[in-house]
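J.: structure here, sequence nowhere to be found:
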Ligand SMILES: NC(=O)c1ccc[n+]([C@@H]2O[C@H](COP(=O)([O-])OP(=O)(O)OC[C@H]3O[C@@H](n4cnc5c(N)ncnc54)[C@H](O)[C@@H]3O)[C@@H](O)[C@H]2O)c1
Ligand SMILES: N[C@H](CO)Cc1c[nH]c[nH+]1
Ligand SMILES: [Zn+2]
């Protein structure tokens with residue numbers, strides 16, 4: 001299998017132009033896809049279950065006469081947990097425990113204080129009522145994404161968890177249902193893509209409307225989440241996977257090549273980039289990639305992804321590598337370096353940062369503890385990993401003492417009159433003693 005992976009030199013004159021074209025994925029996300037997703041959302045909004053069933057037939061080749069056929073009741077999820085092998089159950093259980101422990105640290109607490117004149121101020125934190133969890137399932141199935149979505153929601157105290165997961169051609173993975181049982185998901189519907197996002201956002205005859213949708217997915221899912229935002233909350237844009245490795249050239253080239261391939265194998269739209277100051281090492285990684293690629297079960301997907309969005313980039317030094325990493329703002333960043341801690345302060349934009357030669361990104365995908373639902377397409381500039389905080393919201397608390405009402409009332413009245421809002425001014429003035 002011949003692999004053509006882009007080689008860039010950061011000191012070349014046209015480097016920034018080449019990098020821009022490599023990163024222009026979002027812009028290139030064809031307007032046509034956006035329009036098709038808009039049509040799907042519109043149809044689901046108007047026709048509810050009927051449209052969801054029709055799109056599930058068309059895009060997932062999955063025939064069902066009613067939504068009831070696509071729902072998996074809790075007893076079925078429990079059955080899956082009992083059916084999987086003891087080793088698989090143990091692995092899922094350990095992953096769930098580690099993810100739960102990590103996320104317990106993220107819980108936001110309510111707080112309040114009383115100031116000198118006896119007024120009380122604070123913030124009350126509450127959990128969302130009902131959330132929709134998107135678990136991808138088009139080209140691969142992701143039991144790990146069930147845990148990553150559901151566990152932080154449970155830690156936050158969300159009352160009802162509705163999960164959607166596509167089952168192309170009606171094929172499912174027992175581990176996905178088992179993970180749903182383990183994590184305490186309430187309802188599971190075997191639907192996916194933009195139609196599932198629209199169903200959760202607007203509700204249908206069978207699928208309850210949720211307050212927020214979280215979870216990763218392909219470009220259709222990412223576009224649908226963007227389009228329903230406002231009708232419901234969303235966590236972030238967690239689209240096709242990305243990995244950026246900064247290596248000093250001292251790690252085993254096979255390790256680095258396989259780390260790049262681990263994300264490339266997710267999706268033809270995935271991104272895998274290596275930055276290194278050592279040109280000889282880049283050659284070694286390229287050789288490893290060519291040798292290892294054909295040995296993968298999803299070699300064709302990984303090849304397309306590496307050729308479209310992959311790059312081996314020769315940088316001048318590690319400082320330049322960090323500057324480029326901040327510009328790319330990748331979902332995953334590996335610092336495969338002798339002293340990664342030294343470089344950490346230089347990194348400002350990345351969904352998750354993996355320190356040292358031994359920290360393969362794949363460990364973070366399954367078992368380390370932090371969430372694997374992470375911002376992609378440069379959105380790590382302003383978004384964070386999925387967390388307990390995504391399932392909580394805050395209300396401000398204000399209780400003025402009579403003294404404060406009088407003192408603050410005078411100032412509020414002045415400011416209100418400055419805005420020509422007389423009802424505001426008089427409401428404040430009523431309370432001036
Ligand atoms: N960023 C993250 O945190 C993260 C985590 C895990 C996975 N991922 C990514 O999630 C994605 C999973 O993608 P996937 O495809 O395997 O599953 P998916 O569930 O995201 O998408 C499958 C759905 O896409 C829809 N679809 C496919 N082709 C379509 C078409 N031509 N028109 C309309 N709809 C269409 C179908 O409805 C199908 O159900 C990958 O890109 C992977 O990299 C990201
Ligand atoms: N790397 C993905 C996030 O981009 C998560 C995942 C799940 N399973 C394997 N990988
Ligand atoms: Zn992965």
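T.: Alright, I've got the coordinates. Because the structure is a prediction, the values reported are computed rather than measured. Numbers count the residues shown, from 1 in each chain. Ligands and ions are numbered 1, 2, ... in the order given.

J.: from here on, just use CA atoms for contacts and neighbour counts.
T.: Fine.

J.: flag every residue of this structure that's near ligand 1.
T.: 59-60, 136-140, 166, 192-193, 216-218, 220-221, 238-241, 266-267, 270, 372-376 (CA under 6 Å from any ligand atom).

J.: one more time with 5 Å
T.: Proximity of the chain to ligand 1 is confined to 59, 136-140, 166, 192-193, 216-218, 238-241, 266-267, 373-374 under the rule CA under 5 Å from any ligand atom.

J.: contact partners for the residue lying closest to residue 56 once chain neighbours are set aside?
T.: Spatial nearest neighbour of residue 56, chain neighbours left out: residue 62 (5.8 Å); criterion: CA to CA, 6 or more residues apart in numbering. Taking CA atoms under 8 Å, 6 or more residues apart in numbering as the criterion, residue 62 is in contact with 56, 167, 168, 169, 170.

J.: just to revisit the earlier point, quick one, which of the residues of the chain next to ligand 1 are buried?
T.: The neighbour-count criterion (16 or more other CA atoms under 10 Å) marks 59, 136-138, 166, 192-193, 216-218, 238-241, 266-267, 373-374 among the residues of the chain next to ligand 1 as buried.

J.: the strand or helix carrying residue 79: which residues count as buried?
T.: Here residue 79, judged by DSSP states H and E, is contained in helix 74-83. Within helix 74-83, the residues that count as buried by 16+ other CA under 10 Å are 74, 76, 77, 78, 80, 81.

J.: let me have those residues in TSV, extended by pLDDT.
T.: Formatted as TSV, the buried residues of helix 74-83 follow (pLDDT from 0 to 100):
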residue	pLDDT
74	97
76	97
77	98
78	98
80	98
81	98
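
J.: just the residues you listed now: which is nearest residue 212?
T.: Residue 212 lies nearest to residue 74 out of the buried residues of helix 74-83, by CA to CA, at 21.8 Å.

J.: give me the contacts around stretch 242-258.
T.: By CA under 8 Å, 6+ apart, stretch 242-258 touches 260, 263-264, 270-278, 281-282, 284-286, 288-289, 292, 318, 321-322, 325, 330-338, 357, 376.

J.: narrow those to those in strands?
T.: 271, 272, 273, 274, 275, 276, 332, 333, 334, 335, 336 (DSSP state E).

J.: just those residues now: which is nearest ligand 2?
T.: residue 332 (7.6 Å; CA to the nearest ligand atom).

J.: now do the closest one against residue 248, distance only.
T.: For residue 332, the distance to residue 248 equals 17 Å [CA to CA, to the nearest Å].

J.: among the two, which residue is more densely surrounded?
T.: Neighbour count, other CA atoms under 10 Å: between residue 332 and residue 248, residue 332 has more, with 26 against 19.

J.: what sits against residue 346?
T.: 319, 322, 323.

J.: ok, 7 Å please
T.: By CA atoms under 7 Å, 6 or more residues apart in numbering, the residues touching residue 346 are residue 322.

J.: for residue 129, same thing?
T.: 158, 159, 160.

J.: redo those residues as TSV? Include neighbour count and pLDDT.
T.: Converted to TSV, the contacts of residue 129 look like this (neighbours: other CA atoms under 10 Å; pLDDT from 0 to 100):
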residue	neighbour count	pLDDT
158	19	98
159	13	98
160	18	98
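
J.: could you export those as JSON lines, including secondary structure?
T.: Converted to JSON lines, the contacts of residue 129 look like this (DSSP: H, G, I helix; E, B strand; the rest coil):
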{"residue": "158", "secondary structure": "coil"}
{"residue": "159", "secondary structure": "coil"}
{"residue": "160", "secondary structure": "strand"}
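
J.: closest point of this protein to ligand 2, which residue?
T.: residue 241 (3.9 Å).

J.: pretty sure that residue contacts residue 263?
T.: Yes. Residue 241 sits in contact with residue 263 when judged by CA atoms under 7 Å, with a separation of 5.9 Å.

J.: overlap of the contact sets of the two?
T.: With CA under 7 Å, 6+ apart as the test, residue 241 and residue 263 both reach residue 270.

J.: and the ones in strands among the contacts of stretch 242-258, which is closest to residue 406?
T.: When the ones in strands among the contacts of stretch 242-258 are compared for distance to residue 406 (CA to CA), residue 332 wins out at 53.5 Å.

J.: what residues does the protein have near ligand 2?
T.: 241, 365.

J.: after the lowest-mean-pLDDT helix or strand in the chain comes which helix or strand?
T.: One helix or strand of the chain scores below all others by mean pLDDT, DSSP states H and E: helix 25-28, with a mean of 60. Per DSSP H and E, the first helix or strand lying C-terminal to helix 25-28 is helix 31-47.

J.: which helices and strands does that next one pack with?
T.: Contacts defined by 3 or more CA pairs under 7 Å, 6 or more residues apart in numbering; DSSP states H and E place helix 31-47 against helix 49-60, helix 193-202, helix 219-228.

J.: with distance to residue 95 and mean pLDDT added, can I get those in TSV?
T.: Below are the helices and strands packed on helix 31-47 laid out as TSV (distance: least, CA to CA, whole Å; pLDDT from 0 to 100):
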stretch	distance to residue 95	mean pLDDT
helix 49-60	29	98
helix 193-202	26	98
helix 219-228	26	95
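
J.: most tightly surrounded among those?
T.: helix 193-202 (a mean of 28; mean count of other CA atoms under 10 Å).

J.: just how off-centre is it within its chain?
T.: 17 Å (CA atoms, centre = their mean, to the nearest Å).

J.: residues in contact with the helix or strand just after it: which ones?
T.: Counting by DSSP H and E, the next helix or strand C-terminal to helix 193-202 is strand 212-214. For strand 212-214, contacts defined as CA under 7 Å, 6+ apart pick out 131, 132, 133, 134, 149, 232, 233, 234, 235.

J.: then stretch 78-89?
T.: 174, 175, 177, 178, 181.

J.: that stretch: end-to-end distance?
T.: End-to-end distance (CA to CA), stretch 78-89: 12 Å.
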